[in-house]
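J.: The amino acid sequence is not available; the structure is as follows:
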C-alpha cells in the first residue's frame, strides 16, 4: 500500500470511494454526494498545494484507491473533513495507517490541534476517535425542514446568486447570501433538494424564508444547528442525524496512534 498526495488523475477513484460511504439521505446532504463531485475534486486538486486550504491524501493498492483523507488546512490546526476506506479494505488496519501518515504529511510546525466531525450513530468510528484521545466539544443536529413561508411581499436581497448558479451547474453545489433587515445569511444550494443553512436565526426571519421560497419552493431547508445554540426542534422540521465535533492536540494524537 502506498500513501501519497492525491492528484487530478485520482478524482474519479476518490469520487467512487466516497460515494459509497454513507446512507443515501446523509450522502445527499453533503457535497461528496453531489453529482459534480468528481469535477470539483479535479478542480481542487489542480490548485497549487502551497495556496490550497485543503489537503488530499490517498492510499493506493495495485493502482486502486482504497483510502482517502481530506483535511482543511488552517494556520494552526487541521480539520479532518473526510476519511474513507473501501469496503474490501476495511478492518485491515488501513484507516489507522492512512490517518497516521496523512497527519504527518499534512501537518506543519504551526499546527497545534486536529478536529473532526463524526456522526453520532457511527459507533465504530466514534469509539475509535475516543480511544485515540479525541474529546467531544459540541453536537450539531441536522434537520430536514419543510418550507412553509409563501408570500411575495417580503424585503430581502440576494448576493452572489449568479456566480452560485455557475458553480452549481458544474459541481452540483454552491453558496449565495440572503440579506434582510434583520441579518445576513449564508445559504448553500446542495443537489436538487436542499437549501443548507447553519444560522438558526433564519427560521424566525420571514423575509429570508420567503426569499428562499421564491427561488425554489420545492427544496427543503437543511438546518445544521449546534445544540448549545439552538435547543428546540423546529416546529416544521425532522431531526434525521447528529454529528459530534471532537478535537485533540496533534502531539497527543501522534503518541496515541503510534
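T.: Here it is on my side, so go on. For clarity, every value in this text was computed on a predicted model and none was experimentally measured.

J.: going forward, measure contacts and count neighbours with C-alpha atoms only.
T.: Fine.

J.: And the helices in the stretch 1-150 of the chain?
T.: For the stretch 1-150 of the chain, the helices defined by DSSP state H, counting those that start in this stretch cover 11-19, 24-28, 37-45, 94-106, 123-132.

J.: can I get those in a markdown table with mean neighbour count?
T.: Listed next are the helices of the stretch 1-150 of the chain as a markdown table, based on neighbours: other Cα atoms under 10 Å:
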| stretch | mean neighbour count |
| --- | --- |
| helix 11-19 | 19 |
| helix 24-28 | 14 |
| helix 37-45 | 19 |
| helix 94-106 | 18 |
| helix 123-132 | 14 |
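
J.: Residue 158: what's its closest spatial neighbour, skipping adjacent residues?
T.: Once flanking residues are discounted, residue 158 sits nearest to residue 178: 4.6 Å by Cα to Cα, 6 or more residues apart in numbering.

J.: Could you report the pLDDT at the one you found?
T.: Here the pLDDT value assigned to residue 178 is 98.

J.: Let me know whether it touches residue 161 as I believe.
T.: No. Residue 178 is beyond contact range of residue 161, at 9.2 Å (criterion: Cα atoms under 8 Å).

J.: Between these two, point out the one with more neighbours.
T.: Using other Cα atoms under 10 Å as the criterion, residue 178 and residue 161 rank with residue 178 on top: 21 against 15.

J.: Which of the helices or strands spans that one?
T.: Here residue 178, judged by DSSP states H and E, is contained in strand 173-180.

J.: Mind giving me the packing neighbours of that strand?
T.: For strand 173-180, the packing partners by 3 or more Cα pairs under 8 Å, 6 or more residues apart in numbering; DSSP states H and E come out as strand 156-159, helix 161-171, strand 184-190, helix 206-215.

J.: Paired strands for it, with orientation please.
T.: Sheet pairing for strand 173-180, assigned by DSSP bridges, gives strand 156-159 (antiparallel), strand 184-190 (antiparallel).

J.: quick revisit: and the helices of the stretch 1-150 of the chain as TSV, adding distance to residue 192 and mean pLDDT?
T.: Below are these laid out as TSV (distance: least, Cα to Cα, whole Å; pLDDT from 0 to 100):
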stretch	distance to residue 192	mean pLDDT
helix 11-19	17	90
helix 24-28	9	80
helix 37-45	14	97
helix 94-106	32	96
helix 123-132	29	96
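
J.: who wins for proximity to residue 141 among those?
T.: Using Cα to Cα as the measure, helix 24-28 is the one of these that comes nearest residue 141, at 12.5 Å.

J.: related to what we said a few turns ago, what's the angle between the strand holding residue 178 and helix 161-171?
T.: 160 degrees (axes from the mean of the first three to the mean of the last three Cα atoms, to 10 degrees).

J.: Contacts for strand 173-180 next, please.
T.: By Cα atoms under 8 Å, 6 or more residues apart in numbering, the residues outside strand 173-180 that reach it are 31, 34, 36, 155-161, 164-165, 167-168, 184-191, 207-208, 211.

J.: picking that back up, out of the strands paired with strand 173-180, which comes closest to residue 216?
T.: Comparing the strands paired with strand 173-180 by Cα to Cα, strand 184-190 comes nearest, at 10.3 Å.

J.: Mind checking what helix or strand follows the closest one in sequence?
T.: Using DSSP H and E, the helix or strand that follows strand 184-190 in sequence is strand 194-197.

J.: Against which helices or strands is that following strand packed?
T.: Here strand 194-197 touches strand 184-190, strand 220-226, going by 3+ Cα pairs under 8 Å, 6+ apart.

J.: For the first one, give the mean pLDDT please.
T.: I take that to be strand 184-190. On average, the pLDDT along strand 184-190 is 97.

J.: Run through who's touching it.
T.: By Cα under 8 Å, 6+ apart, strand 184-190 touches 28-31, 34, 168, 172-179, 194-199, 202.
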